[in-house]
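Student: Sharing a model prediction with you, sequence too.
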Amino acid sequence: QNTATIQLNGSETITGLTQDTDSGTWKYVGSSVSIKDWGVTDYYNLTISGTNALTLAGNNLVAGALSITAGTFTTNVYTNTVTGLTTVSGGVYSENGGTAQTFNGGITISGGTYTPNTGVIDVNGNVTISSGTLTATTSTFTVSGDWSKTGGTFSHASAIVTFDGSGTQTLDSGGTSFYSLTHSGSGTLSLVNNTLTTATNGTLTNSGGILSLNGQNLTVTTVANFSNTATMQLIGSETVSLTQDTNSGTWKYVGDGDSAADTYTVKDFGATDYYNLTIAGTDSADNFQLGAASVVAGTQTVSGGSYVPGSWQLTAAALTISGGTFTGSSGIIDVNGSLVLSSGTLTAPNASFTVSGDWTKTSGTFTPGTYTVTLDGASTQSLNSGGTSFYNLTHSGASTVSLSSNALTASNNLTNSGGVFYLAGQNLTVTATFSNTATMRLIGSETMTLTQDTDSGTWQYYGDGDSAADTYTVKDFGVTDYYHLTIASTDT
């Protein structure tokens, strides 16, 4: 049993000993000797403090901590696995056989040099560099804990460092560039204290969880070397220099969470700015605004804070309001897909507001102002008003708009100038002008309150299609009831 320290040169012959792998330290102080191989688990704590090369004689498993203070520790063609913390405070740790080096308790470079060459490095803990030198491997280099560089040297060796943690990881670059960096973990990688930069020809890949800039600037030096299939999160005050990935992934603006009212300008990345863009201010008073026209290839989401595009046009494939406020102003809002309002507030702009997909309001507040919403889809659109009135509503699309779940009220005008407007059993109220140059379709059971357009358009009675015998009364609108009237029941 060893609960203290056994010191040896390494040239000694040791027989009849069954290693104590539960406690104690073995300390090698010799020169040009082999580290003894004791079996499956070789040491509890191992210290290398020699004057020259000390080389592994077999695969090495340390149940406790590994400390290198002097000399050269060479793994040769063998693996080295350390359960506790590995510390290089002096000397050299060299892997020259392309073998795996696994640091389950993390690794600290506080002096000396660690040069892994071509071997796989798997750090299932923290990487801490305060002095000395760490050179990245040209093979796989994964880190599941924090990365902190407060001093010393990190040499990227044109290699990829991958952060693969399932929880929150922090990354302090110390102002030193990575060559390529990948975040593949399901948790959050959060920058702290220093800017993150990838070197010329290097890449930044965010393929898992959240990569949070957390107020630190980001530079991806080489054009088109940024890939995001997960979520990039930022306060909104950061400087970001990269060529945007517009084919996948989400950018999420969250503000600084200081409970004060702050204003942030959403970044402009070019012709297409984002794939998915989420405004999720943690302070309800925070305001996010555009500084240029914005094109979102996927979904524009507002879940917190206030988003005010202002005079700039916003074009998105879909718009979701699940919290916070989205306030239209003098800029065009063009939604080339569905609009969903489930919480928060949506205020219509005093400019063109077009939606080509479904309109679904299940909760929250829609404030129409005195403005117009235009449904212009080329395919069938569903309209669930959520019981909230529109001011002016226009259907100009070539296909069908079908009401769903709730009655429709236009507190001013309703214009149907394209395709079919289908009431689908929902009641209709138009307070001011009703204009129909296309087709209004109804089952026949609906209640309608409007002043009929008798100069154009068709009304089509369709029945309910339930295969049962039903009786419907054709609506009486006054002296002249219809321009064209069609009875086209789906039940014979």
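Tutor: Here it is on my side, so go on. Not measured: the values here are computed from a predicted model.
Student: going forward, measure contacts between C-alpha atoms and count neighbours the same way
Tutor: Will do.
Student: Can you tell me how far residue 169 is from residue 141?
Tutor: 16 Å (Cα to Cα, to the nearest Å).
Student: for residue 65, same thing?
Tutor: Going from residue 65 to residue 141 by Cα to Cα gives 20 Å.
Student: cool, residue 183 as well?
Tutor: For residue 183, the distance to residue 141 - Cα to Cα - is 12 Å.
Student: Between those two, tell me which one has more neighbours.
Tutor: residue 183 (26 against 22; other Cα atoms under 10 Å).
Student: Identify the residues contacting that one.
Tutor: By Cα atoms under 8 Å, 6 or more residues apart in numbering, the residues touching residue 183 are 162, 163, 164, 189, 205, 206, 207, 208, 209, 211.
Student: All the strands of the stretch 1-150 of the chain, in order from the start?
Tutor: Taking DSSP state E, counting those that start in this stretch, the strands of the stretch 1-150 of the chain run over residues 5-8, 25-28, 33-35, 45-56, 60-62, 66-74, 80-82, 86-94, 101-103, 107-115, 121-123, 127-135, 141-143, 147-149.
Student: okay, these in CSV with mean pLDDT and distance to residue 475 next?
Tutor: Output for the strands of the stretch 1-150 of the chain, formatted as CSV (pLDDT from 0 to 100; distance: least, Cα to Cα, whole Å):
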stretch, mean pLDDT, distance to residue 475
strand 5-8, 96, 99
strand 25-28, 97, 95
strand 33-35, 94, 97
strand 45-56, 95, 91
strand 60-62, 97, 87
strand 66-74, 97, 88
strand 80-82, 98, 83
strand 86-94, 97, 84
strand 101-103, 97, 80
strand 107-115, 97, 81
strand 121-123, 97, 76
strand 127-135, 98, 77
strand 141-143, 97, 72
strand 147-149, 98, 73
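Student: In TSV, list those along with distance to residue 372.
Tutor: Formatted as TSV, the strands of the stretch 1-150 of the chain follow (distance: least, Cα to Cα, whole Å):
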stretch	distance to residue 372
strand 5-8	82
strand 25-28	78
strand 33-35	80
strand 45-56	74
strand 60-62	71
strand 66-74	70
strand 80-82	67
strand 86-94	66
strand 101-103	62
strand 107-115	62
strand 121-123	58
strand 127-135	57
strand 141-143	53
strand 147-149	52
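Student: For stretch 201-208, buried residues please.
Tutor: Within stretch 201-208, the residues that count as buried by 16 or more other Cα atoms under 10 Å are 202, 203, 204, 205, 206, 207, 208.
Student: How about stretch 433-442?
Tutor: 433, 434, 435, 436, 437, 438, 439, 440, 441, 442.
Student: Provide the contact partners of it at residue level.
Tutor: With contact meaning Cα under 8 Å, 6+ apart, stretch 433-442 is reached by 412-425, 450-453, 456-463.
Student: Quick one: distance of that stretch to the chain centre.
Tutor: Relative to its parent chain, stretch 433-442 has a centroid offset of 43 Å by Cα atoms, centre = their mean, to the nearest Å.
Student: Mean confidence (pLDDT) on it, please.
Tutor: The pLDDT scores in stretch 433-442 average 98.
Student: what distance separates the start and the end of it?
Tutor: OK, stretch 433-442 end separation, Cα to Cα: 19 Å.
Student: swap in stretch 110-122?
Tutor: 19 Å.
Student: Same check on stretch 442-450?
Tutor: First-to-last residue span, stretch 442-450, Cα to Cα: 14 Å.
Student: and what of stretch 468-475?
Tutor: 21 Å.
Student: just use 30 as the starting number from now, easier for me
Tutor: Got it, first residue is 30 now, which makes that one stretch 497-504.
Student: Now do it, average pLDDT.
Tutor: Here the average pLDDT along stretch 497-504 is 94.
Student: ok, residues contacting that stretch?
Tutor: Stretch 497-504 is contacted by residues 473, 474, 490, 492, 510, 520 when judged by Cα under 8 Å, 6+ apart.
Student: Would you agree the last one is in contact with residue 472?
Tutor: No - using Cα atoms under 8 Å, residue 520 and residue 472 do not qualify as a contacting pair, with a distance of 11.1 Å.
Student: Report the contact partners of residue 303.
Tutor: 273, 274, 275, 279, 280, 324, 325, 326, 327.
Student: if you look at those residues, which of them are in strands?
Tutor: With strands identified by DSSP state E, the entries of the contacts of residue 303 that belong to them are 279, 280, 324, 325, 326, 327.
Student: Make JSON lines out of the residues you listed and add distance to residue 207, neighbour count and pLDDT.
Tutor: Converted to JSON lines, the ones in strands among the contacts of residue 303 look like this (distance: Cα to Cα, whole Å; neighbours: other Cα atoms under 10 Å; pLDDT from 0 to 100):
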{"residue": "279", "distance to residue 207": "23", "neighbour count": "24", "pLDDT": "98"}
{"residue": "280", "distance to residue 207": "22", "neighbour count": "21", "pLDDT": "98"}
{"residue": "324", "distance to residue 207": "31", "neighbour count": "24", "pLDDT": "98"}
{"residue": "325", "distance to residue 207": "30", "neighbour count": "21", "pLDDT": "98"}
{"residue": "326", "distance to residue 207": "30", "neighbour count": "20", "pLDDT": "98"}
{"residue": "327", "distance to residue 207": "30", "neighbour count": "22", "pLDDT": "98"}
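Student: which of the contacts of stretch 462-471 are buried?
Tutor: Neighbour counting with 16+ other Cα under 10 Å marks 441-454, 479-482, 486-492 as buried within these.
Student: on that earlier part again, from the buried residues of stretch 230-237, which two are the most distant?
Tutor: 231 and 237 (18.8 Å; Cα to Cα).
Student: okay, and the common contacts of residue 520 and residue 472?
Tutor: 492, 493.
Student: With neighbour numbers in mind, choose between those two.
Tutor: Using other Cα under 10 Å, the more surrounded residue of residue 520 and residue 472 is residue 472, with 20 against 13.
Student: distance of the closest residue to the more buried one other than its chain neighbours from residue 304?
Tutor: Setting aside the residues directly before and after it, residue 472 is nearest to residue 492 in space (Cα to Cα, 6 or more residues apart in numbering), at 4.2 Å. Applying Cα to Cα, the value for residue 492 to residue 304 is 43 Å.
Student: now residue 38
Tutor: 61 Å.
Student: again with residue 100
Tutor: 52 Å.
Student: Return the residues in contact with residue 249.
Tutor: Residue 249 sits in contact with 226, 227, 228, 231, 232, 233, 255, 270, 271, 272, where contact means Cα under 8 Å, 6+ apart.
Student: Please flag which of the contacts of stretch 497-504 sit within strands.
Tutor: Using DSSP E, these in strands are residue 490.
Student: contacting residues around residue 506?
Tutor: 480, 481.
Student: Ramachandran angles for it?
Tutor: Here is the backbone geometry of residue 506 (degrees, to the nearest 10): phi -110, psi 0.
Student: Equivalent analysis for residue 432, please.
Tutor: Here residue 432 shows phi and psi, under degrees, to the nearest 10, equal to phi -70, psi 150.
Student: What residues are bridge-paired with it?
Tutor: Listed by DSSP bridges, the beta-bridge partners for residue 432 are residue 412.
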